[in-house]
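Trainee: Provided below are the primary sequence and the corresponding predicted coordinates.
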Amino acid sequence: MVVVKIGKLPEIKGNVYVITHRRDFDGISSAAQLVRRYSKSVKKIHFANYDDMAFRSAMGALMHDKPKNSTIVITDLSAQDSRIEAITGMLKRLRRAGNNVVWLDHHPWSWNAMESISKYADFVVAGENKDHCASELVFMEICNGDKTCRRLSQLAHITDFNLVPRSVPEDSMLRRISSVITYLDTESTSAYTKMLQVTKEVADGKLNGRQIKRVYGEYKNSERANMGTLRETMCALASKKFKIGMAFADNLQTNFASSEISKLTGSKIQIFVTTKDGSAHLRSFYGVDCSLLSKALGGNGHPQASGFQASKTRFSNFNKQGRMRYAEMVRRAASRVYKMKFTRI
């Protein structure tokens, strides 16, 4: 589906509650811009991921806040068909309590999702957007004119579309903040508190702020062991046209992990699986669309950067046998999607 814009951005009223994607800089940048735009009106930020459990957890936390006569902004999260009933139920209750609802996303939506959500939202911009990420939508629709917001949205575009930064310092900065976000991608109360602090530093334009430096230090302390695990678990799926490289580790910055997988396997698609929650992060070179594989496995994303969430009941253990089952699941999906035979090598 193409990008669709429905409704009109409502005037701010009451408190502002935000639900945003916690797994990448695009979601954090979106929330940071809203903090800048609405300042002290931002009452609560809830972080979610694409898997149903995390998304429903964020929705439940928002409803627990009992917002009334306020503004709800949801960013960088798609309304997948599997959760439409739950989402519309939540939106109905929010609207009955006098709240305005704004939803800004750049991932693919079905027509059913768009029609269902737009009935209960004041303003929706959604659908696969090949030009702008969610952070850019927030800037264009809500924060236009703020120089810091413009800069944040530009940086988010680089990370979300898997582009090469314009300079070495910029590359280093984006790797650092992305590593911090990766490290804090858990359900723990401590991680949530730190993510809020990081979001506030990003809102101030301090991508090298005190909290970001502190968390990055924690990430670096764990990086060496995780890189060892990544190399030990690496495997590849090969067809006549290209390879898919895959590896597993507890916690690594996605582009860093993908670069290592690419280097050691010669693959055009790289899949990094975080064993802490079974989430798969895909990257690919131009000419190969990794989002096709993500969608076939229940995920979403863009041609060069996408992801999916494996079943936690099926893949609760990433020992050798569990990794082989995971690779076989990917092999079958890849053979089906790309219409060519893949074998494990």
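Mentor: That came through, no problem.
Trainee: Please count neighbours and contacts with C-alpha atoms only from this point.
Mentor: OK.
Trainee: What is the burial count for Tyr286?
Mentor: Tyr286 has 11 neighbouring residues, counting by other C-alpha atoms under 10 Å.
Trainee: Secondary structure class of it, three-state.
Mentor: The three-state assignment at Tyr286 reads coil, by DSSP: H, G, I helix; E, B strand; the rest coil.
Trainee: nearest residue to it other than its sequence neighbours?
Mentor: Leaving out its chain neighbours, the residue that sits closest to Tyr286 by C-alpha to C-alpha, 6 or more residues apart in numbering is Gln304, at 6.7 Å.
Trainee: Return the residues in contact with the one you found.
Mentor: Taking C-alpha atoms under 8 Å, 6 or more residues apart in numbering as the definition of contact, the neighbours of Gln304 are 161-162, 282-286, 288-291.
Trainee: how close does Ile271 sit to Lys243?
Mentor: If you measure Ile271 against Lys243 using C-alpha to C-alpha, to the nearest Å, the figure is 11 Å.
Trainee: whoops, Ile181 was the one
Mentor: Computed as C-alpha to C-alpha, the Ile181 to Lys243 distance reads 29 Å.
Trainee: The two: who's more crowded?
Mentor: Summary of the neighbour comparison: Ile181 and Lys243, criterion other C-alpha under 10 Å, with Ile181 having more neighbours (27 against 21).
Trainee: element containing the more buried one?
Mentor: With elements taken from DSSP states H and E, the one containing Ile181 is helix 168-183.
Trainee: in that helix, what's buried?
Mentor: By neighbour count on 16 or more other C-alpha atoms under 10 Å, the buried set for helix 168-183 is 173-183.
Trainee: report the angle between the axes of the top helix by length along the chain and helix 168-183?
Mentor: As far as residue count goes, and with DSSP state H defining each element, the longest helix of the chain is helix 210-232. With axes from the mean of the first three to the mean of the last three C-alpha atoms, to 10 degrees applied, the angle from helix 210-232 to helix 168-183 works out at 80 degrees.
Trainee: The next helix or strand after helix 210-232 - which strands sit beside it in the sheet, and in what orientation?
Mentor: Once the chain leaves helix 210-232, the next helix or strand it forms, by DSSP H and E, is strand 235-238. Each strand that strand 235-238 pairs with, and the sense of that pairing, follows from DSSP bridges: strand 243-249 (antiparallel), strand 343-344 (antiparallel).
Trainee: Would you mind finding the most buried of those?
Mentor: Among the strands paired with strand 235-238, strand 243-249 has the highest mean neighbour count (mean count of other C-alpha atoms under 10 Å), at a mean of 26.
Trainee: now the helix or strand following it, how far from the centre of its chain.
Mentor: Tracing the chain past strand 243-249, the next element assigned as helix or strand by DSSP H and E is helix 254-265. Using C-alpha atoms, centre = their mean, to the nearest Å, the mean C-alpha position of helix 254-265 is found 19 Å from that of the whole chain.
Trainee: Tell me the buried residues in the next helix or strand after helix 254-265?
Mentor: Once helix 254-265 ends, the next helix or strand along the chain (criterion: DSSP H and E) is strand 269-274. Within strand 269-274, the residues that qualify as buried are 269-274, counting by 16+ other C-alpha under 10 Å.
Trainee: what's the answer for stretch 34-53, then?
Mentor: Under the neighbour-count rule (16+ other C-alpha under 10 Å), stretch 34-53 has 34-37, 41-51 buried.
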